[in-house]
Structures are given as C-alpha cells and as structure tokens.
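Enquirer: Okay, sequence plus prediction incoming.
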Amino acid sequence: MLSLLKTIRHAIATWWSEFTLQTKLLAVATMVVSLVMSGLTFWAVNTIQQDARMNDTRFGRDLGLLLAANVAPLVADNNLTEVAQFSQRFYSSTSSVRYMLYADETGEIFFGIPFWEAEVENSLTIKRRIQLPEDYPGDGEKPMVRQHMTPDGTVTDVFIPLIVNKKYLGVLAIGINPNQTAVISTNFTRDVTIAVFITIWVMVILAGVINALTITKPIKELLVGVKQIATGNFKQRIDLPLGGELGELILSFNEMAERLERYEEQNIEELTAEKAKLETLVSTIADGAVLIDNNMQVILVNPTAQRIFGWEAADVVGQNVLHHLPPAVQMEITRPLYEMAAGECESAEFRIFINQPTPRTIRILLTTVLNVQRESIKGIAITVQDITREVELNDAKSQFISNVSHELRTPLFNIKTYIETLHDYGEDLALQERQEFLQTVNHETDRLTRLVNDVLDLSKLESGRQYNFDGVDLAQAIEQTLRTYQLNAKDKGVELLQEVAPNLPLVMGNYDLLVQVFGNLIGNALKFTKAGGKVAIRAYQLDFKPSHTQSSPVRIEISDTGIGIATEDQHSIFERFFRVENRVHTLEGTGLGLSIVRNIIDRHRSKVHLVSEVGIGTTFWFDLAAFEEKAPPIQVEPIIEASTITTA
C-alpha cells in the first residue's frame, strides 16, 4: 500500500513538474476560484436548510400543540373512536403530517396513523412501544422537537405530552414531512453547485489538454529545437501538423535550421580545407613549430618539432609542453614562457645545445599569438630551428680559414726568412749556400702555388658553377693523365700500370674534371709509394645493370703499393687539410686533393670508396654511369651540400 502511494505521489509530482509556470498558475487560480464558489454555494445551501429546519420545527410544534389540545380531552374520556376519527381527518387534510402516534403513560402505542393498534395486533400480533428520546422529560408540559434523516429527507419529530387537569395521560408523537419547496430548492442548488464545480474542472482539464496539444507541446518542441541548435545540432527539425502562427513559427524554425546546416557544412568544408592547408604548410616547413595556449597546453606540433624533441611515439597534444621538453630546453624557456603568457614580453630567442634524443644545437624563437583586436594573448608560438649544421659550418669555416692561414703562413715565413737572409748576408754566404736558399724559396713557392691552386679548384667546385656533362672516353683521359706523371714515376722508380678494358663504353661526365680526379689520385699514389713500388689504374664495365639504365656502369680503380692508410684515418681522409704525412711525418702536401676528388665524384652522382692496409697499399674506386647515345648532353648543377664552404 505504501509503495502504491509512493508511486502515485511520484507520478503526480512528475506530471506536475512537466507543467509550465503559466499552466501551474492557471490550475491554482482555477482551484481557488472553484473552492471559493463551492464554499459560498454550500454556505448558502446550509443556511437555507437551517432556515427550513427552523420553520419545520416551529410548524411541527404549533401543529402538535393544536392537535394535542383537541385530542387530550378525548383521550381523558377514553373516547378513542373520536380520537381516531379526528386524527384520520386531520391526517388526510394535512399533507405535512407524516405519521401520528398515541401512546399511554407507559409508552405503549394504542393508536397510530397510518397504522393503529388493533390492526397491528390482528395482522402482526405484535405489541408496539414508542421509542421516546432519552432526554424526553416524560411528564413535562412543553413539547419536545427533534429531527432525523430518512431516505425522503429530514423528518421533524414532535413529542407533545397529553395532560388534562395536570394529569399525564401519555404522549402524542407527530412526524412532520420536510418542506418540499425548500428541499427541492436545496437539492437543486446543491446539484447546480456540484455540476458547476465539475464543469469548471472538466473545462480546466480540457483546456490543459488542448493547451498541451496545441500550444505547450509545440512550444516545448521549439524549446528543445532551440537548445539543440544552440549546442550545434543543426539537423534538428520539428514535425507538427499545425496551422496559424504556431505553424508559421515551426516552418520558419525548420527553414532556419536548414540554412544553418548548409552554412555549417560550407563552413566546415572551408575550415577543413584551411586546416588541411595550414597543417600541410606547418608539416612541410623545415623548422619545428609548436603552438601552445596560455596554460602551456600543446595545441599543434609539426613533424619537424616531433623529430627534434623525440616526440614521434608520444601524443603531446593537449598536455603541458614543459613536461615533454628536454631538460636543457625546459630549464631555459620555462620562465620566459610564463612571462609571455602574463603579457610581460612579446618574444624571446634562445640558442641551446641538447643531448636528447640526439646531440644537436637548436635555436628557439618564442612569439606571442594575439587575438584579432591584438588586445589579449591567445597562445605562444614556439619555432625550433636545427642549427647544428650551421654551427658545424661556422666551425668548419673557422677551421678552414685557420688551416689556410696556417698553410700559407709556413711557406711565406720560409720564403721571407731565406730572402731576408740572402738580402742581409748574401755577400757573406757561399755560392752553394745561396743556391740552397734559392732552391728552398723556389720549393716553398711551388708549395704555395699548389695550395692556392687547390683552394681555387675547390672554390670553383663549391661555388655553384654549372658543368656540361657529355660522353667521356675514359681511355683517352687515363692516357693523358699517365703521360703527365710518367716522368715523375720514372724519377721515383715507381712503375705505372694501365689496365683499361677494350671496347669500354663512354661514360657520362665532364672530361676536365675526371682528368683532375685521375691526376690527384695518381699523384697521391706516387707520393706515398716507395721506389720499386707499383701504381695501377684500371677501368672495366660491371656485369650488373641498374633498373633505370640501359647499360652497366663502369668502375675505375687506382691502386698503389704505398704506405697505406690506417683504419682510424680512413673516415677522415677526404676532409680538407687532412694529410697522412701529418701522421707519418714524411711528405708534404696541401691536404685538399682528396676533398676535391670527393667533390667532383659527387657531382657525377657517385661515391668514392677506398680499401687500404698499412704497409701494403691503398685502392680508391668509384663507378660512373655509361653514356646513353640517345640521351642529349645535359648541364648538371653542382650539388651544394650542407657542409660546403665557398672560398673566394
């Protein structure tokens, strides 16, 4: 039972909560008006009933006194026949009398209308006694009046004592029917009040239902639709078959939602396109880019920044950038970031060396991102530049200048020393000494000339100059190089060997540059090969053919039986000013020859390799692409590497 009451209470509360404020106020006002009207009506009915009962009481008392005054003497004379006749006439002529009962002093009924004692005894053989009220005075002289309810209405009971010569003879009980006019009026008023009350509430309920169906429901639907539109759901539609102003309002709402949906789709397409362009632009720039908000949360990061900071496997978007930066960077930029977020500065620049994930030097630029009105800070843009190569180039440039200066200073110092000696003490020197001094000066001048020529050659190669590449006959280039170094090899007692395969195809290259490569490699081989040794140059076509060419490449090898190159020096042999003689302390050179060789071979889209063992010899080799007869000659721009330094 309690659960049922709780369920009903919950249902009523839910039902009541769904009503709008206007509906609730209307229901409360209707209830108050109906209760007031019902109260007034029932008050009026009650007043009428009280007046009717008072009238019935007066009428019954007066009628009873009148009847008692007429029948008391007859009862005293025991003239019951006359009492019966008089009572019958009185009962028949008065419609207000409901019953008349005569009882003796003991309460036994001896006559009554509409029944009497004899008939009752004959038909029912039952003695009847009148049931007097408990508060009936008995032998009092005043009548007693009371009322009781019957199915036909309120009946007024009048009990009149029959007293003759102060002798109590019994009691006369008369029942007075209610006033029919008053009863009808009262019932009518009551029925009308109930009908009005019910009609009002039926009308209120119907009005509420109609309001819910025709006004409240569409308004609720509109409210839900507006909320959905406010949250960005532009697919919301209202489908209610209504006319009039509400119908026009719903139609206008659907049209608005449809336009907003089209506008959103268009905006999304444009924003998606712009976002794709921006992401493509940010992802393709060489510098790292990180965008953070005022709370240091990462909004955008491009692949370059991920690679520099080692974020490839981490999802840093939406997280605090300071928790993922390398310690050196975090220590350097934490305070400036918070100062920029607070608006204390607009930009900052840092140069930081980091060890993780790989050792490198980076430049970090911090720039505030302002709103359209440039009034408030929306975030901070972090630009990360990897300047490791730049630092290395600067160091290499400084080293290059230092090396060139050192290499120039030594022969110039020797030349100046010997010339000053000849100038100041030439007459005191012997002829042989003067010739030795002049020979040394000549040797240092040749050394200085070679150094300047090598620097100029390297500068030309690295200056961005274009070279024409065409078919080159390797046999001719090799023959020209060997003729140049034939006398030098004979003087040193070194045997020059040439092993060029017959019918060797032309190779794609520049003739002069290849002759320079052969000259540098053979010159180095002769320099580091002792008397009795051998220097060989070989050229032959390989057996395999790359998929993108029609012919197999040609391999060139320059081998010697010289001092060899130590394993720890082989990775540095092509660097500028690196000389093996610095380690073996035997011969002199500029240290630029192999750097020039590597640069030239790189321009030929190939790589120089070496195999060497100390005390046994060294072999340099590289491959050149075969020249395609149908392909026209091409101009190849030198590939300027990040490590290239242009020397004037």
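Expert: Here it is on my side, so go on. Residues are numbered from 1 along each chain as shown.

Enquirer: What's the separation between the nearest residue to residue 532 once chain neighbours are set aside and residue 393?
Expert: The shortest distance from residue 532 to any residue that is not its chain neighbour, by CB to CB, 6 or more residues apart in numbering, is 5.9 Å, and that residue is residue 493. Backbone N, C-alpha and C define where each C-beta goes, glycine included. Taking CB to CB, to the nearest Å as the measure, residue 493 and residue 393 are separated by 43 Å.

Enquirer: that older thread, could I get the phi/psi values of the residue nearest to residue 532?
Expert: Residue 493 adopts backbone torsions of phi 80, psi 30, taken as degrees, to the nearest 10.

Enquirer: Might one say that it is in contact with residue 529?
Expert: No: between residue 493 and residue 529 there is no contact under CB atoms under 8 Å: 9.5 Å.

Enquirer: higher neighbour count, these two?
Expert: When neighbours are counted by other CB atoms under 10 Å, residue 493 and residue 529 differ, and residue 529 comes out ahead with 22 against 11.

Enquirer: In terms of pLDDT, where does residue 111 sit?
Expert: We note a pLDDT of 80 for residue 111 in this prediction.

Enquirer: and what of residue 535?
Expert: Looking at residue 535, its pLDDT reads 93.

Enquirer: roughly how far apart are it and residue 618?
Expert: Taking CB to CB as the measure, residue 535 falls 10 Å from residue 618.

Enquirer: Counting neighbours, what do you get for residue 414?
Expert: Applying other CB under 10 Å, we find 17 other residues in the vicinity of residue 414.

Enquirer: and it, that one's in a strand?
Expert: No: in this structure, residue 414 is helix, not part of a strand, as judged by DSSP: H, G, I helix; E, B strand; the rest coil.

Enquirer: Please tell me I have it right and residue 317 contacts residue 302.
Expert: No: at 11.5 Å, residue 317 and residue 302 do not qualify as touching, with contact defined as CB under 8 Å.

Enquirer: and those two? which has more neighbours close in?
Expert: Neighbour totals were compared for residue 317 and residue 302, and residue 302 leads with 19 against 12 (other CB under 10 Å).

Enquirer: Can you name the residues that contact residue 317?
Expert: Residue 317 is in contact with 298-301, counting by CB atoms under 8 Å, 6 or more residues apart in numbering.

Enquirer: which of those residues sit farthest apart?
Expert: Pairwise distances among these were taken by CB to CB; the largest, 8.3 Å, belongs to 299 and 301.

Enquirer: overlap in contacts of the two?
Expert: Each of 291, 317 lies in contact with both residue 299 and residue 301 under the rule CB under 8 Å, 6+ apart.

Enquirer: Going by distance to residue 220, which of the contacts of residue 317 wins?
Expert: After measuring those against residue 220 - CB to CB - the closest member comes out as residue 299, at 39.8 Å.

Enquirer: Please produce JSON lines containing the contacts of residue 317, extended by pLDDT and distance to residue 310.
Expert: Converted to JSON lines, the contacts of residue 317 look like this (pLDDT from 0 to 100; distance: CB to CB, whole Å):
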{"residue": "298", "pLDDT": "89", "distance to residue 310": "14"}
{"residue": "299", "pLDDT": "86", "distance to residue 310": "20"}
{"residue": "300", "pLDDT": "85", "distance to residue 310": "18"}
{"residue": "301", "pLDDT": "86", "distance to residue 310": "12"}
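
Enquirer: Now a ChimeraX select for only the buried ones of those.
Expert: Typed into ChimeraX, the line below selects the buried ones among the contacts of residue 317, using 16 or more other CB atoms under 10 Å:
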select :298,299,300,301
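
Enquirer: Would you reformat the contacts of residue 317 as CSV and include secondary structure?
Expert: Converted to CSV, the contacts of residue 317 look like this (three-state DSSP):
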residue, secondary structure
298, strand
299, strand
300, strand
301, strand
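
Enquirer: Mind listing the shared neighbours of residue 535 and residue 618?
Expert: Shared contacts of residue 535 and residue 618, defined by CB under 8 Å, 6+ apart, are found at 525, 559-560.

Enquirer: can you give me the helices for the stretch 151-300 of the chain?
Expert: For the stretch 151-300 of the chain, the helices defined by DSSP state H, counting those that start in this stretch cover 180-211, 217-230, 244-284.

Enquirer: Now the last one: average pLDDT?
Expert: Which is helix 244-284. pLDDT averaged over helix 244-284 equals 75, rounded to a whole number.

Enquirer: For the stretch 101-250 of the chain, give me the ranges with low pLDDT.
Expert: Along the stretch 101-250 of the chain, segments meeting pLDDT under 70 span 115-141, 152-153, 179-183, 185-186, 208-217, 240-246.

Enquirer: Show me where the stretch 501-648 of the chain has its strands.
Expert: Listed in chain order, the strands of the stretch 501-648 of the chain (DSSP state E, counting those that start in this stretch) span 507-509, 534-541, 554-560, 609-613, 617-624, 634-636.

Enquirer: Look up phi and psi at the residue nearest the centre of the chain.
Expert: Taking CA atoms, centre = their mean, the centroid of the chain lies closest to residue 318, which sits 9.3 Å from it. According to degrees, to the nearest 10, the main-chain angles of residue 318 amount to phi 90, psi 0.

Enquirer: That one and residue 297, how far apart?
Expert: Relative to residue 297, residue 318 is positioned 6 Å away (criterion: CB to CB).

Enquirer: what do you get for residue 79?
Expert: 121 Å.

Enquirer: Repeat that for residue 290.
Expert: Computed as CB to CB, the residue 290 to residue 297 distance reads 11 Å.

Enquirer: What segments of the stretch 1-150 of the chain are strands?
Expert: 97-104, 109-113, 144-150.

Enquirer: Okay, buried residues for the first one please.
Expert: Same thing as strand 97-104. By neighbour count on 16+ other CB under 10 Å, the buried set for strand 97-104 is 97-103.

Enquirer: Look up phi and psi at residue 615.
Expert: phi 90, psi -10.

Enquirer: I'd like to know how many residues surround it.
Expert: 8.

Enquirer: I figured it hits residue 565, correct?
Expert: No: between residue 615 and residue 565 there is no contact, the gap being 10.7 Å when judged by CB under 8 Å.

Enquirer: residue with max distance from the center of the chain?
Expert: Taking CA atoms, centre = their mean, the residue of the chain most remote from its mean C-alpha position is residue 77, at 115.8 Å.
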